[in-house]
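Asks: have a look at this prediction, sequence included:
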Amino acid sequence: MSKRMTRREAIAMSGLAAAATAGTVLTATAADNRKNDMKENDMKENMKMMAPEKDLAMLGGTWADGKYALPALPYACDALEPAYDKRTVEIHHDKHHAGYVKGLNAALAKLEEARKAGKFEDIKALSRDLAFNGSGHVLHSIFWHSMTPGGGKCEGDLEKVMVESFGGVQAGMEQFAAATGAVEGSGWGVLAWEPVADRLLVLQAEKHQNLTVWGVVPLLVCDVWEHAYYLKYANMRGDWVKAFMTIANWPFAAARLAAARKMCRMM
Ligand code: FE
């Protein structure tokens, strides 16, 4: 076995946790089998090898003193000139990103009030606020680190998976640029790792608030598409949700939480 951990071995080590990232579940048996293939010593050695990569992937300063926080830029405001000008970086970071952080903390405070009062009349608006500001905070925190003065090379494991996923590094980069440029209205171009197939995908995130808070790990989900309940509950979606709550599998959610927490902290 080579000293450097392969991506598939990394998945095996984190087992369910890796699958949890995308809200999907590998069977415990498959994950366990792969995990058992690794010798304990190799795993320890590989953990050491992974440490620097893990540190680089961490987004420091996004959470502090029990609240979401505006992280400092990882470079000076003018460090990306001429590609990205100082004034835009300043406004983008100090005003726009700061606004998401403020909005995220405010949404959480209002949700706390609603829970305490048992009043959920505004739950729709508050959930939208949470998703809009939460995704804004996560994506901007990743965005600042997605750029570096002079740019950086695509090499090592990333280069390998780019070739596997897109047929070549250049082809993957071109798809990323094309997809990003073609995002309708406001949005993001996203290069993402999809853990089930262990491959990369290029996504367009239009209106990030319509999707989710990017980066979360789903623990428990309830399907409220009509196909999920209409045969029995017809238009009474509330009755289906009440029924779901009586059969909700919280131990499953707890197991996914434990698995997810074993993954390196990305924020
Ligand atoms: Fe922005």
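Replies: Here it is on my side, so go on.
Asks: who are the packing partners of the helix or strand containing D129?
Replies: Assigning secondary structure by DSSP states H and E places D129 in helix 123-145. Helix 123-145 sits against helix 98-117, with contacts defined as 3 or more C-beta pairs under 8 Å, 6 or more residues apart in numbering; DSSP states H and E. C-beta coordinates here come from the backbone N, C-alpha and C atoms, glycine included.
Asks: T148 is in contact with Y75, isn't it?
Replies: Yes: contact status for T148 versus Y75: in contact at 7.1 Å, counting by C-beta atoms under 8 Å.
Asks: related to what we said a few turns ago, for the helix holding D129, which positions count as buried?
Replies: Neighbour-count burial for helix 123-145, counted by 16 or more other C-beta atoms under 10 Å, picks out 126, 129-142, 144-145.
Asks: stretch 97-117 too?
Replies: Residues H97, Y100, V101, G103, L104, N105, A107, L108, L111 are the ones in stretch 97-117 that count as buried (16+ other C-beta under 10 Å).
Asks: do the same with stretch 180-200
Replies: Within stretch 180-200, the residues scored as buried using 16+ other C-beta under 10 Å are T180, V183, G187, W188, G189, V190, L191, W193, P195, D198, L200.
Asks: tell me which of the residues you listed fall in helices.
Replies: Counted as lying in helices by DSSP state H, out of those, are T180.
Asks: got a markdown table for the buried residues of stretch 180-200, with pLDDT and distance to K160 too?
Replies: A markdown table is the format used below for the buried residues of stretch 180-200 (pLDDT from 0 to 100; distance: C-beta to C-beta, whole Å):
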| residue | pLDDT | distance to K160 |
| --- | --- | --- |
| T180 | 82 | 23 |
| V183 | 80 | 27 |
| G187 | 80 | 29 |
| W188 | 82 | 25 |
| G189 | 80 | 22 |
| V190 | 84 | 20 |
| L191 | 83 | 15 |
| W193 | 82 | 13 |
| P195 | 78 | 16 |
| D198 | 82 | 11 |
| L200 | 81 | 11 |
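Asks: returning to that earlier point: model confidence over the helix holding D129, on average?
Replies: The pLDDT scores in helix 123-145 average 89.
Asks: from now on call the first residue 726
Replies: Okay, using 726 as the starting number, the last item reads as helix 848-870.
Asks: can you give me the angle it makes with helix 823-842?
Replies: Interaxial angle, helix 848-870 versus helix 823-842 (axes from the mean of the first three to the mean of the last three C-alpha atoms, to 10 degrees): 150 degrees.
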